[in-house]
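Visitor: Any chance you can model this:
(one chain, ligands or ions: 1)
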Amino acid sequence: MATLSSTHIPPLSPISTPKKPISSRFLFRSQNPKTLSTSFTFTNSKPNASSSSSSSSVSIELNASTLREICQAHVPEHVLRRVEEVGYVRPTDVQKQALPLLFSGRDCILHAQTGSGKTLAYLLLIFSVINTQRSTVQAVIVVPTRELGTQVTRVARMLAARPMELELEHKSCTVMALLDGGMLKRHKSWLKAEPPTIVVATIKSLCQMLEKKILKLESMKVLIIDEVDFMFNSSKEVSSLRKLLTSYSSLHNRQTIFASASIPQHNRFIHDCIQQKWTKSDVVHVHVNPIQPMPSCLHHRFVICGKNKRHQTLLSLLRSDAPESGIIFVGEQSEKSKKAGNAPPTTSLVDFLRTSYVGCLDIHLLEEDMNFNSRAASLSEVRQGGSYLLVATDIAARGVDLPETTHIYNFDLPRTAVDYLHRAGRTGRKPFSDNKCTVTNILMSEERFVLHRYENELLFNCEELIL
Ligand SMILES: Nc1ncnc2c1ncn2[C@@H]1O[C@H](COP(=O)(O)OP(=O)(O)OP(=O)(O)O)[C@@H](O)[C@H]1O
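Guide: Presented below is the predicted three-dimensional model:
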C-alpha cells in the first residue's frame with residue numbers, strides 16, 4: 001500500500017493540463033483564489049499530487065488488484081457480490097484511483113476518459129454511505145438527460161438488488177428516477193409515503209420537487225453531478241444547479257462529486273468550486289490519463305465527399321465496414337430548414353437507410369423531437385435487440401452506454417472538440433477489451449481544417465480513407 005500525503009505540496013498548478021487544452025465553449029467565473037485543493041493525475045497508475053493543502057493526508061491503495069480488495073471495508077457484502085456477479089472484478093484505472101479517495105470522504109472531481117467506469121465508482125461510494133434502515137433521501141445523482149438517468153437508475157437498482165433471504169431481514173435500498181417526462185404525480189405520492197434512499201434526477205424535475213418541498217435534502221450525504229461541464233454549460237440548467245449546490249443543501253453536510261470525461265479549464269473550475277462553495281476547499285481532482293483525453297482503442301478516419309454524396313458515402317462505408325453495431329450522429333436541423341418545411345435530416349437518413357441498406361442491422365432513431373416514450377422505446381429496442389444502427393443527434397452523445405457499439409459515424413461533424421470526444425466515446429466501452437473500434441467522419445473538403453483542429457486539441461490522429 002502506498003501512502004500519498006498531500007501536505008507541503010506546491011500551490012495548485014496546471015500539472016494535469018494536456019499539452020494543448022480542450023477548447024471550451026464556457027468559462028467558469030474565477031477570482032484568483034487561494035485553494036487548498038489537491039490534484040492527483042494518474043498516468044501509468046503513478047499519482048502526482050499538487051496542492052497547498054493545510055494538513056490533509058490521503059491513503060491510496062495502489063496495489064489492490066480487485067474491486068473487492070478496494071471496497072471490502074466500505075461496501076456491504078451483498079453489493080460486492082452483485083458487483084462480481086455482473087462481471088466487475090478488476091477495477092478500471094479510475095475506480096482504482098478514485099475509490100480510496102471517495103471512501104476517505106473527500107469531495108472529488110472525477111475526470112477520466114469516456115467509458116472508463118466513473119458510474120460504478122460513484123455508485124460504490126453511495127452504497128458505502130447509505131443506511132437503508134432510514135427512510136430518507138441519502139444520495140442524489142443529477143444527470144443531463146432522461147436517457148442517462150434511466151441508465152444510471154438501472155445500474156443502481158441492479159447493484160441494490162438483494163437475494164430473497166436478505167430481502168426479508170433488511171430493508172432494501174430504493175432508487176427513484178425523477179426525470180423529465182416522468183410521472184411526477186406518482187413520484188409525489190411515493191416521496192410523501194416513503195422517501196427513496198437514492199434519487200437519480202434531471203435538474204429541472206429535481207428542482208420542481210425541491211421548490212414544492214415535496215423532496216427534502218437534509219439527510220443527503222452524497223451529491224453527484226454527472227457530465228458536470230455539460231450541466232454548467234447549459235444556460236437553462238446553471239441557475240438551478242447553483243441553487244442545488246448552495247441553497248437547497250450545504251457543502252458541509254454532504255460529500256460532493258463532479259464527474260465528466262471533459263472538464264475544460266479544469267483548474268479554473270476547481271477554483272470556482274471552492275470560491276462558490278460548491279465543494280469543500282480540500283476537493284480532490286482525480287485526473288486519469290490527462291495527456292490522452294481520447295481512449296486509445298479508437299481508430300479515427302475521415303472520408304471527403306461532395307455535399308450531395310454523403311448518403312451514398314455512408315452506404316459504401318457501411319457495406320465495407322459491416323459493423324457489428326453502430327451509431328450515426330447527425331447534426332440538428334437548422335431553423336431555416338425547419339421553416340422551409342424540410343424533413344429533419346435524421347428522419348431522411350433513416351428513410352434512406354431503410355430503403356437502401358441491405359444488411360442484418362436494425363435501424364433505430366433517437367432525437368430530442370421524439371416524445372419521451374418513443375425515445376425510451378428506441379433505446380430499449382437497441383439494448384435488447386441484436387445488432388443495430390442508431391441514427392441519433394447529440395442527445396445520445398453524453399453518457400449513453402451501449403457497449404456493443406463498434407463503429408461511430410459522424411454524418412455531420414460535431415460543433416466542438418468536446419462534442420467530438422463524447423460522440424467518439426460512445427464506442428470502445430469495454431474496459432478490458434483489446435478490440436479496436438472505429439470513428440469515421442464524413443466531410444466536405446472545406447471541413448478538413450475543423451477536424452484538424454479537433455485532432456490538435458484532443459491529441460489524436462485521423463487517417464484519410466479513399467473509397
Ligand atoms: N470494473 C469494471 N469491469 C468491467 N466493466 C466495467 C467496469 N466498470 C465499468 N464497466 C463497464 O464499462 C462501461 C463504461 O462505464 P461507464 O458508463 O461508467 O463509463 P463512464 O466513465 O461514465 O463514461 P462516460 O464519460 O462516457 O459517461 C459500462 O458498460 C460498464 O458496465
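Visitor: for the chain, which spans come out with low pLDDT?
Guide: 1-63, 164-169 (pLDDT under 70).
Visitor: Tell me the spacing between the residue most central in space within the chain and the ligand.
Guide: By CA atoms, centre = their mean, the chain has its centre lying nearest to Gly399, at 3.9 Å. For Gly399, the distance to the ligand (CB to the nearest ligand atom, to the nearest Å) stands at 4 Å. Using the backbone N, CA and C atoms, a C-beta is placed for each residue, glycine as well.
Visitor: Tell me who's in contact with that residue.
Guide: For Gly399, the contacting residues are 143-145, 147-148, 151-152, 226-227, by CB atoms under 8 Å, 6 or more residues apart in numbering.
Visitor: Filter those down to the ones in helices?
Guide: The helices, defined by DSSP state H, take in 147-148, 151-152 from the contacts of Gly399.
Visitor: Can you tell me the element the residue nearest to the centre of the chain falls in?
Guide: Using DSSP states H and E, Gly399 is not contained in any helix or strand.
Visitor: Distance check, it against Leu318.
Guide: Applying CB to CB, to the nearest Å, the value for Gly399 to Leu318 is 26 Å.
Visitor: these two touch, right, Phe230 and Asp394?
Guide: No - contact status for Phe230 versus Asp394: not in contact, 10.0 Å apart, counting by CB atoms under 8 Å.
Visitor: Compare those two (neighbour count), which wins?
Guide: Phe230 (24 against 19; other CB atoms under 10 Å).
Visitor: Now name the helix or strand holding the more buried one.
Guide: Going by DSSP H and E, Phe230 is in helix 228-233.
Visitor: Just list what that helix packs against, helices and strands only.
Guide: With contacts defined as 3 or more CB pairs under 8 Å, 6 or more residues apart in numbering; DSSP states H and E, helix 228-233 has these neighbours: helix 235-246, strand 255-260.
Visitor: Just name the most buried of the ones you listed.
Guide: Of all the helices and strands packed on helix 228-233, strand 255-260 has the most neighbours on average by mean count of other CB atoms under 10 Å, namely a mean of 25.
Visitor: still on that earlier bit, and the contacts of Gly399, which of them are buried?
Guide: Neighbour counting by 16 or more other CB atoms under 10 Å classes 143-145, 147-148, 151-152, 226-227 among the contacts of Gly399 as buried.
Visitor: Now narrow the contacts of Gly399 to whatever sits close to the ligand.
Guide: Among the contacts of Gly399, no residue sits close to the ligand (CB under 6 Å from any ligand atom).
Visitor: just checking, Leu110 is part of a helix?
Guide: No - residue state for Leu110 (DSSP: H, G, I helix; E, B strand; the rest coil) corresponds to strand; a helix is not indicated.
Visitor: so what's it up against?
Guide: 94, 98, 118, 121-122, 257-260, 286.
Visitor: can you do 6 Å?
Guide: Leu110 sits next to 98, 118, 259, 286 when contact means CB atoms under 6 Å, 6 or more residues apart in numbering.
Visitor: TSV for the contacts of Gly399, including distance to Ile363?
Guide: TSV is the format used below for these (distance: CB to CB, whole Å):
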residue	distance to Ile363
Val143	27
Pro144	26
Thr145	22
Glu147	18
Leu148	23
Gln151	21
Val152	27
Asp226	29
Glu227	27
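Visitor: Tell me the one of these nearest Lys277?
Guide: Nearest to Lys277 among the contacts of Gly399, counting by CB to CB, is Asp226 at 20.4 Å.
Visitor: Next, work out how far apart the closest residue to Ala261 other than its chain neighbours and His422 are.
Guide: Distances taken as CB to CB, 6 or more residues apart in numbering place Thr114 nearest to Ala261, at 4.4 Å, with adjacent residues excluded. The spacing between Thr114 and His422, counted by CB to CB, is 6 Å.
Visitor: measure the residue in the chain sticking out farthest from the centre to the ligand for me?
Guide: Ranked by distance from the centre of the chain (CA atoms, centre = their mean), the top residue is Ala340, with 35.8 Å. Applying CB to the nearest ligand atom, the value for Ala340 to the ligand is 35 Å.
Visitor: circling back to that earlier point, please narrow the contacts of Leu110 to those residing in helices.
Guide: Cross-referencing these against helices under DSSP H gives 98, 118.
Visitor: Any chance of TSV for the contacts of Leu110, columns distance to His252?
Guide: As requested, those are exported to TSV (distance: CB to CB, whole Å):
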residue	distance to His252
Ala98	22
Lys118	25
Ala259	21
Val286	22
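Visitor: are any of the contacts of Leu110 buried, and which?
Guide: Taking 16+ other CB under 10 Å as the criterion, what is buried in the contacts of Leu110 is 98, 118, 259, 286.
Visitor: ok, so of those, who is nearest the ligand?
Guide: Nearest to the ligand among those is Lys118, at 3.6 Å by CB to the nearest ligand atom.
Visitor: Am I right that that closest one is in contact with Ala259?
Guide: Yes - here Lys118 reaches Ala259: they are 4.7 Å apart, a contact under CB atoms under 6 Å.
Visitor: how near is Thr174 to the ligand?
Guide: 22 Å.
Visitor: Name the nearest residue to that residue, ignoring sequence neighbours.
Guide: Closest residue in space to Thr174, ignoring its immediate chain neighbours: Pro196 at 4.0 Å, by CB to CB, 6+ apart.
Visitor: just to revisit the earlier point, need the contact partners of the helix holding Phe230.
Guide: Contacts for helix 228-233 (CB under 6 Å, 6+ apart): 26, 144, 225, 237-238, 241, 258, 260, 262-263, 398.
Visitor: Reformat those residues as a markdown table; add distance to Glu464.
Guide: Converted to a markdown table, the contacts of helix 228-233 look like this (distance: CB to CB, whole Å):
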| residue | distance to Glu464 |
| --- | --- |
| Phe26 | 32 |
| Pro144 | 34 |
| Ile225 | 39 |
| Glu237 | 39 |
| Val238 | 40 |
| Leu241 | 41 |
| Phe258 | 38 |
| Ser260 | 31 |
| Ser262 | 26 |
| Ile263 | 31 |
| Arg398 | 28 |
